[in-house]
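Participant: Could you look at this predicted model? Sequence included:
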Amino acid sequence: MSSGGPLVGVRLIEMDAIGPVPLCGMILSGLGAEVVRVERPGGQSAYSDLGEAVLHRGRTTIGLDMKSDADREAFFALVARADGLIEGMRPGVMERLGVGPAPCHAANPRLVYGRMTGWGQTGPFAQVAGHDINYIAMTGALHAIGKAGEPPTVPLNLIGDYGGGTMFLALGMVSAILSARATGRGQVVDAAIVDGAASMLSLFHAYLATGTWQDRPASNFLDGAAPYYRCYRCADGGHVAVGSLEPQFFAALLEGLGIDKGRFVQTDPACWPEMERLFAVRFASAPRSHWEEVFGGTDACVSPVLSLREAQDHPVNTGREVFVERDGVVQAQPAPRFSLTPGTIRNGEAIAVEELLARWEPR
């Protein structure tokens, strides 16, 4: 078994940014890539108030002033030795600094230049500011999440920034690096959150096209309308998540709740109001721990809704070592897992660019 991860040997430059880019650098570093994070001189960087323990873990950090001729020369020397670069500036900013794709590809034709934005490098909103909530609002994702008659529920920044952004940027970088190694030609990866979020909605586009999805929130079987796919409050104020979609899982749910299996037709919406009322009454009759004991190990697909801190200590996560404590901070292990080249959390360091150039020998 080799250590370090499947991307050992890959060299990446990460331009200091907020949003999806730091998480992308963290993930690729955990999978073995050597990631150098370029920040402005002085050490003040994105997420510096959070320290280096999580989002900046595992990277080498250097300070460069792109308005300095000497620093820009050093930057291009790094580019000539790198496999890829990721940046999250508004379109045109890197070009104005003189470090856009054209001069970078002149220095290294094999370089993969990853660009992360909300609206994309082109389009009518390319120069408009935005955040996760705006991007998922414009793709239809936000509209579909929430209770009927109420404003949509904000799903943290998981769907836009990290699902539609980070993961598609990471996939794009790995794909283009594989292509560059086969062809000798690098390229630009235009990763836009609106593109990624829209792609993640593919199942619902398919449902919508076949008439099996209503284009309004809380009206479908995966958006909380179905009593067997939603959350319920327990006697102690905690909640359980119910995901009993398949008939056999629904039967296990009814059994655990002490309800006659023939009382409801699961997929008949006419039964849903009474079904929801009865489920709510039953779950509210006992604390969350009771229901975790009743349904634990069954196929009813009923789970306690854990807080962030509770999740760190729950056996389902400790048994798999999902989290690890590092530098006093509990955080997720690198994912996914590999049988031959497992990823690892490495120590980061801040060094001078001259030292890095000596380490990164030309290829």
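Facilitator: Noted; the coordinates are in hand.

Participant: need the helix or strand of this structure with the lowest average pLDDT.
Facilitator: Within the chain, judged by mean pLDDT, DSSP states H and E, the helix or strand with the poorest mean is strand 349-350; its value is a mean of 90.

Participant: which stretches of this structure form helices?
Facilitator: 20-30, 69-81, 93-96, 101-107, 132-139, 167-183, 193-200, 202-209, 247-257, 272-283, 288-295, 308-313, 315-318, 353-359 (DSSP state H).

Participant: Now do stretch 226-245, average pLDDT.
Facilitator: Stretch 226-245 comes out with an average pLDDT of 98.

Participant: what sits up against it?
Facilitator: Contact partners of stretch 226-245, identified using C-beta atoms under 8 Å, 6 or more residues apart in numbering, comprise 220-222, 224, 249-250, 252-253, 266, 272, 275-276, 279-280, 283-292, 295, 300-305. Just so you know, the C-beta spots here come from the backbone N, C-alpha and C atoms, and that holds for glycine as well.

Participant: buried subset of these?
Facilitator: When the contacts of stretch 226-245 are checked for burial by 16 or more other C-beta atoms under 10 Å, the buried set is 220-221, 224, 249-250, 252-253, 266, 272, 275-276, 279, 283, 288, 291-292, 295, 300-304.

Participant: For the nearest residue in space to G140 that is not next to it in sequence, grab phi and psi.
Facilitator: The shortest distance from G140 to any non-neighbouring residue, by C-beta to C-beta, 6 or more residues apart in numbering, is to L201 (6.4 Å). As for L201, its main-chain torsions (degrees, to the nearest 10) stand at phi -90, psi 10.

Participant: what's the spacing between L201 and D215?
Facilitator: 12 Å (C-beta to C-beta, to the nearest Å).

Participant: Who has more neighbours out of these two?
Facilitator: L201 (19 against 12; other C-beta atoms under 10 Å).

Participant: quick one: contacts for that one?
Facilitator: Contacts for L201 (C-beta under 8 Å, 6+ apart) come out as 139-141.

Participant: related to what we said a few turns ago, which other helices and strands contact the least confident helix or strand of the chain?
Facilitator: With contacts taken as 3 or more C-beta pairs under 8 Å, 6 or more residues apart in numbering; DSSP states H and E, strand 349-350 sits against strand 60-63.

Participant: what lines up beside the strand it packs on in the sheet?
Facilitator: Under the criterion DSSP bridges, strand 60-63 sits next to strand 34-39 (parallel), strand 349-350 (parallel) in its sheet.

Participant: Among the ones you listed, which comes closest to A335?
Facilitator: Each of the strands paired with strand 60-63 was scored for nearness to A335 using C-beta to C-beta, and the closest is strand 34-39 (16.5 Å).
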